[in-house]
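A.B. asks: Return a 3D structure for these sequence lines:
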Amino acid sequence: MNALVRLAPEPVWSFRPDGSVRDLAAPDPAEIDFFAMANALSKIARFNGSNPGIAYSVAQHSAMGAEAIFNETGDDRLAAFFLLHDGEEYLLGDKVTPAQRLLEEHAEQAGGHGSGSGVRWHWTWIKRQWREVGWRAAGLGLPDSFQQAHIEDFDRRMCNAEMLALFGPAARAQLLPVAHERTLKLKGGIRPWAAMKAEERFNEAARRFIGEDRLHEQSAIHAAHVALNS
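C.D. replies: Numbers count the residues shown, from 1 in each chain. From the prediction side, this is the model:
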């Protein structure tokens with residue numbers, strides 16, 4: 001395992017569900033609890049909650065995408081990578097793409113040429129560090145370049161399907177370029193789930209693609225980590 005890195009010189013404290021705090025500047029596999037991840041992601045809305053009706057959660061996106069990637073490839077490890085590809089958002093939140101672009105454009109305007117790309121690089125780096133410790137906590141290691149390309153393409157394909165399902169034909173102008181135009185092999189249509197169902201389905205996918213023993217082992221590791229650092 002690679003040495004852990006710090007993302008800031010001083011701690012950046014954030015609440016855990018039990019009221020203790022974690023340091024967001026210190027990515028660590030021991031900080032990952034997949035059951036807490038499922039619960040948090042089930043309450044975080046994609047598209048900033050702008051779709052009509054109830055929110056479409058990050059947990060639903062991740063669970064449906066993992067099932068679709070397995071249905072298409074038969075690769076349970078690739079499905080596990082996809083299930084956790086937004087896992088860092090249970091700690092960092094979901095900064096929606098338009099807000100990220102606005103921040104980058106403002107930084108470019110205020111700070112001069114290259115400032116926007118610097119903002120983008122730093123945020124991408126922070127997210128990547130926490131995403132990678134999530135993958136490691138699941139015993140997956142890191143994806144190779146082929147797997148990473150598949151994860152990113154499936155993510156764009158899922159996003160396109162979600163935009164059309166949630167916002168209708170007018171969203172077609174915003175579709176993202178993809179390497180594969182095939183229809184996703186989804187288990188049912190894209191209709192927002194209530195948070196409890198999204199949490200349950202994320203946990204079901206985690207048991208299927210990561211393994212129940214690994215999930216409970218990681219919970220024990222996390223509990224020991226919390227006890228030693230509280």
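A.B. asks: For the one helix or strand Phe70 maps to, what is the distance to the chain centroid?
C.D. replies: Per DSSP states H and E: Phe70 is located in helix 58-73. The chain centroid and the centroid of helix 58-73 are separated by 12 Å, computed with Cα atoms, centre = their mean, to the nearest Å.
A.B. asks: immediately after it, which helix or strand?
C.D. replies: Using DSSP H and E, the helix or strand that directly follows helix 58-73 along the chain is helix 76-83.
A.B. asks: what's whichever helix or strand comes after that next one packed up against?
C.D. replies: The C-terminal neighbour of helix 76-83 among helices and strands, as given by DSSP H and E, is helix 89-92. Applying 3 or more Cβ pairs under 8 Å, 6 or more residues apart in numbering; DSSP states H and E, we find helix 89-92 packed against helix 34-41, helix 115-137. C-beta here means a position set from N, CA and C on the backbone, and glycine is covered the same way.
A.B. asks: distance of Leu103 from Asn48?
C.D. replies: For Leu103, the distance to Asn48 equals 14 Å [Cβ to Cβ, to the nearest Å].
A.B. asks: If you could redo that for Ala66, that was the one I meant.
C.D. replies: Distance, Ala66 to Asn48, by Cβ to Cβ: 23 Å.
A.B. asks: Show me which of those two is the more surrounded one.
C.D. replies: Shown here are Ala66 and Asn48; by other Cβ atoms under 10 Å, Ala66 has more neighbours (28 against 13).
A.B. asks: which residues does that one contact?
C.D. replies: Ala66 sits next to 79-80, 82-83, 205, 209 when contact means Cβ atoms under 8 Å, 6 or more residues apart in numbering.
A.B. asks: Dump the helices and strands packed on helix 89-92 into a markdown table; add distance to His150 as well.
C.D. replies: Output for the helices and strands packed on helix 89-92, formatted as a markdown table (distance: least, Cβ to Cβ, whole Å):
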| stretch | distance to His150 |
| --- | --- |
| helix 34-41 | 21 |
| helix 115-137 | 14 |
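A.B. asks: could you dump those to JSON lines with distance to Ser145 and mean pLDDT?
C.D. replies: Listed next are the helices and strands packed on helix 89-92 as JSON lines, based on distance: least, Cβ to Cβ, whole Å; pLDDT from 0 to 100:
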{"stretch": "helix 34-41", "distance to Ser145": "26", "mean pLDDT": "98"}
{"stretch": "helix 115-137", "distance to Ser145": "14", "mean pLDDT": "94"}
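A.B. asks: Please consider this matter closed, and thank you.
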